[in-house]
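J.: Sequence first, predicted coordinates after that:
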Amino acid sequence: MARYTGPQTKIARTFGEPIFGKAISERRNCPPGQHGLNRKRKKLSEYGLQLKEKQKTKFIYGVLERQFRKTFERAAAKGGVTGENLLCMLEQRLDNVVYRLGIAPSRAAARQLVSHCHIVVNGEVVNIPSYSVKVGEVVGVREKSKSLEVIDESLRSQKISHYSWLEWNTEKLEGKMIQMPQRAEIPETIDEQLIVELYSK
């Protein structure tokens, strides 16, 4: 499975925000190098801003271009606001739901748990990170995997399911999607309209 494995801090500094959940150092007002102060930063064009927003969203959710494009096409074909549909579909990804429930400390860790068959949906093992969780489906930890240290630490260190579309059962280590996620409740700072404009060209 193809995925980004490069330096995360470098990518986060490019966008000026901790998109991977890790703190980043303060960004300077000049380019790197001894002549940085004498060089002027070029202002991004409209296309540059749109492309940057799309790239940021892809990195946040850990999706590569081909899969992201397909998700956008499905969002556009669906009724309603395309940008909001896109983000809701990304939020429905199994790896993202596992992360939102607090089972994993990051989306990358959640993707690994799913790929290694530690996660079940309605009692059945699902090892596809891009699986779209539907309303009413229950996502939980496989019985044999409940003693994993990474899961235990994540559940102890995070606030469990403070999202209105998810319901968490601490005893069973499972969560249920009780409704579709709403755009206003998605905390990431994403301007989805820029992505829609980019793909509409």
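T.: Here it is on my side, so go on.

J.: can you list the domains in this structure?
T.: Following automatic domain parsing, one gets these domains for the chain: 8-89, 93-179.

J.: Lowest average confidence across those domains, which one?
T.: In terms of average pLDDT, domain 8-89 trails the rest of the domains of the chain, at a mean of 80.

J.: returning to that earlier point: with mean neighbour count and distance to residue 194 as added columns, please give the domains of the chain in TSV.
T.: Bear in mind the C-beta positions are built from the backbone N, C-alpha and C, glycine included. Below are the domains of the chain laid out as TSV (neighbours: other C-beta atoms under 10 Å; distance: least, C-beta to C-beta, whole Å):
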stretch	mean neighbour count	distance to residue 194
domain 8-89	14	4
domain 93-179	17	21
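
J.: what's the closest of the ones you listed to residue 189?
T.: Closest approach to residue 189 among the domains of the chain (C-beta to C-beta): domain 8-89, 6.7 Å.

J.: What residues does residue 131 make contact with?
T.: 93-94, 114, 121 (C-beta atoms under 8 Å, 6 or more residues apart in numbering).

J.: Switch the domains of the chain over to CSV; also include distance to residue 185.
T.: Formatted as CSV, the domains of the chain follow (distance: least, C-beta to C-beta, whole Å):
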stretch, distance to residue 185
domain 8-89, 10
domain 93-179, 6
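
J.: do you know which of those lies nearest residue 186?
T.: domain 8-89 (5.7 Å).

J.: Give me the contact list for the helix or strand encompassing residue 89.
T.: Per DSSP states H and E: residue 89 is located in helix 82-91. For helix 82-91, contacts defined as C-beta under 8 Å, 6+ apart pick out 57, 61, 63, 71-72, 74-76, 78, 96-97, 100, 132, 180-183, 186, 190, 192-193, 195-196.

J.: swap the cut-off to 7 Å and go again
T.: 61, 71-72, 74-76, 78, 96, 132, 180-181, 183, 186, 190, 192-193, 195-196 (C-beta atoms under 7 Å, 6 or more residues apart in numbering).

J.: Pull out the CA atoms of the helix or strand following it and give them to me as PDB.
T.: Per DSSP H and E, helix 82-91 leads on to helix 94-100 as the next helix or strand towards the C-terminus. Only the C-alpha atoms of helix 94-100 are listed here, as PDB (Å, rounded to 0.1, in the frame of the first residue of the first chain):
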ATOM      1  CA  LEU A  94     -12.100   3.500   8.900                       C
ATOM      2  CA  ASP A  95      -8.600   4.700   9.900                       C
ATOM      3  CA  ASN A  96      -9.900   8.200  10.700                       C
ATOM      4  CA  VAL A  97     -12.800   6.800  12.800                       C
ATOM      5  CA  VAL A  98     -10.300   4.700  14.800                       C
ATOM      6  CA  TYR A  99      -8.300   7.800  15.400                       C
ATOM      7  CA  ARG A 100     -11.300   9.900  16.300                       C
END
